[in-house]
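J.: A predicted structure for the sequence below; I have some questions about it.
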Amino acid sequence: VFDDEEESKLSYTEIYQEYQALVEKLLEDYLKEVGINEEKFQEAFSSPLAKTHTSQAILQTVLAAEDFRLFKKMMVQKNIEMQLQAIRIIKERNGVLPDCLTEGSDVFSEIEQEEMKILREVLRKSKEEYEIEQERKRTEE
């Protein structure tokens, strides 16, 4: 649903409100389950440990519930990642991309080239974070 246009659509607001309610409910249930009150959570949330890169990546989903711009940015990023993943899967299954996805692809404007650099960087960071998280899970096990 989300695109990178300046103007936000009404559907974004509805989705954002559902997201806020979901995050609030999940966080409330989790805190209750582990026996932490809201005050203790706020303390932990503002501690130096919460400022690390890994913690920020994890907490981004919680922070997005309080900041629509961050939420929209996160959703746009996820859309881009899903589109790139779909293109990769198409290429893997067919060996090549269909003409509709490659026609004129050798003539990129400077803006498109810059966007591709950004996309590659986003994917690289996402992959790094995923690998770090997987390593952490393996270490815990």
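T.: Looks like it arrived, so ask away.
J.: Can you list the residue ranges for helices in the protein?
T.: 10-34, 38-45, 53-64, 68-94, 99-102, 110-140 (DSSP state H).
J.: okay if I get those helices as CSV plus distance to residue 4, mean pLDDT and mean neighbour count?
T.: Where you see a C-beta, it was placed from the backbone N, CA and C, and this is true even at glycine. Converted to CSV, these look like this (distance: least, CB to CB, whole Å; pLDDT from 0 to 100; neighbours: other CB atoms under 10 Å):
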stretch, distance to residue 4, mean pLDDT, mean neighbour count
helix 10-34, 12, 92, 12
helix 38-45, 29, 83, 12
helix 53-64, 16, 80, 14
helix 68-94, 5, 86, 14
helix 99-102, 19, 66, 9
helix 110-140, 9, 80, 11
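J.: would you turn those into TSV with distance to residue 3?
T.: As requested, the helices of the chain are arranged in TSV below (distance: least, CB to CB, whole Å):
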stretch	distance to residue 3
helix 10-34	10
helix 38-45	31
helix 53-64	17
helix 68-94	7
helix 99-102	18
helix 110-140	13
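J.: Name the residues that touch stretch 55-67?
T.: 19-20, 23-24, 27, 45, 49-50, 70-71, 74, 129 (CB atoms under 8 Å, 6 or more residues apart in numbering).
J.: Then stretch 11-26?
T.: 1-2, 61-62, 64-66, 68, 71-72, 75.
J.: Next, work out how far apart the residue nearest to residue 77 when sequence neighbours are not counted and residue 74 are.
T.: Nearest residue to residue 77 in three dimensions, chain neighbours excluded: residue 122, at 6.1 Å (CB to CB, 6 or more residues apart in numbering). Distance, residue 122 to residue 74, using CB to CB, to the nearest Å: 11 Å.
J.: Residue 55 now?
T.: From residue 55 to residue 74 the distance is 16 Å (CB to CB).
J.: same deal with residue 85?
T.: Residue 85 sits 16 Å away from residue 74, going by CB to CB.
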